[in-house]
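Participant: Quick check, what structure comes out for this input:
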Amino acid sequence: MDDQRVHAPIYEADPWGGVEQGQFLNAVLIADDPTCEPREWLRRAQEFERAAGRVRGQRWGPRNLDVDLIACYQTSATEALVEVTARENHLTLPHPLAHLRAFVLIPWIAVDPTAQLTVAGCPRPVTRLLAELEPADRDSVRLFRPSFDLNSRHPVSRAPES
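Facilitator: This next block holds a predicted model:
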């Protein structure tokens, strides 16, 4: 994808949403394509999920890939980045729960420590949003460090950051 600018390391997080399941893997991708509208970014995210074999089922249930569109920014007439808001069927921007999810905020800070997210109509530093979460929420997100069986070349276990 030629509009990819930067992506975060992969993080492992405890499941979110109340459904019993395995650990989640999370990352952030910052992309730049001035020709894309938010609806197009959503379509691209869903294409990635389908390509990975995702079948939508239970809300917050197990899935092999979940790509969330958290925020979109467009360049204004003065060349400043402006956060896009959207309230459409299947697309709300900024993502209404992003500020409550350490597994979104931690990878985002890893690639853009100065990022801001609008919450309740006010732009807020993502680092501040993370600091406001419970310590247990922050601690539930760990840098993903796969172990490899050198004979198979596939990850065989996950080991949290020590």
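Participant: pLDDT weak spots in the chain?
Facilitator: 1-8, 60-61, 64, 147-162 (pLDDT under 70).
Participant: Just the helices from it, written as ranges.
Facilitator: 38-51, 102-111, 126-131, 135-139 (DSSP state H).
Participant: Could you export the third one as CSV, CA atoms only?
Facilitator: Once side chains and other backbone atoms are set aside, the C-alpha atoms of helix 126-131 remain, and they are given as CSV (Å, rounded to 0.1, in the frame of the first residue of the first chain):
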residue,chain,number,x,y,z
VAL,A,126,-3.7,10.7,23.4
THR,A,127,-1.0,10.5,26.1
ARG,A,128,-3.3,12.2,28.6
LEU,A,129,-6.2,9.9,27.7
LEU,A,130,-4.0,6.9,28.4
ALA,A,131,-2.9,8.4,31.7
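Participant: Would you confirm that residue 119 contacts residue 129?
Facilitator: Yes - with contact defined as C-beta atoms under 8 Å, residue 119 counts as touching residue 129 (6.9 Å). C-beta here means a position set from N, CA and C on the backbone, and glycine is covered the same way.
Participant: picking that back up, okay, the helices of the chain in a markdown table with distance to residue 63 and mean neighbour count next?
Facilitator: Listed next are the helices of the chain as a markdown table, based on distance: least, C-beta to C-beta, whole Å; neighbours: other C-beta atoms under 10 Å:
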| stretch | distance to residue 63 | mean neighbour count |
| --- | --- | --- |
| helix 38-51 | 8 | 15 |
| helix 102-111 | 14 | 22 |
| helix 126-131 | 24 | 17 |
| helix 135-139 | 21 | 12 |
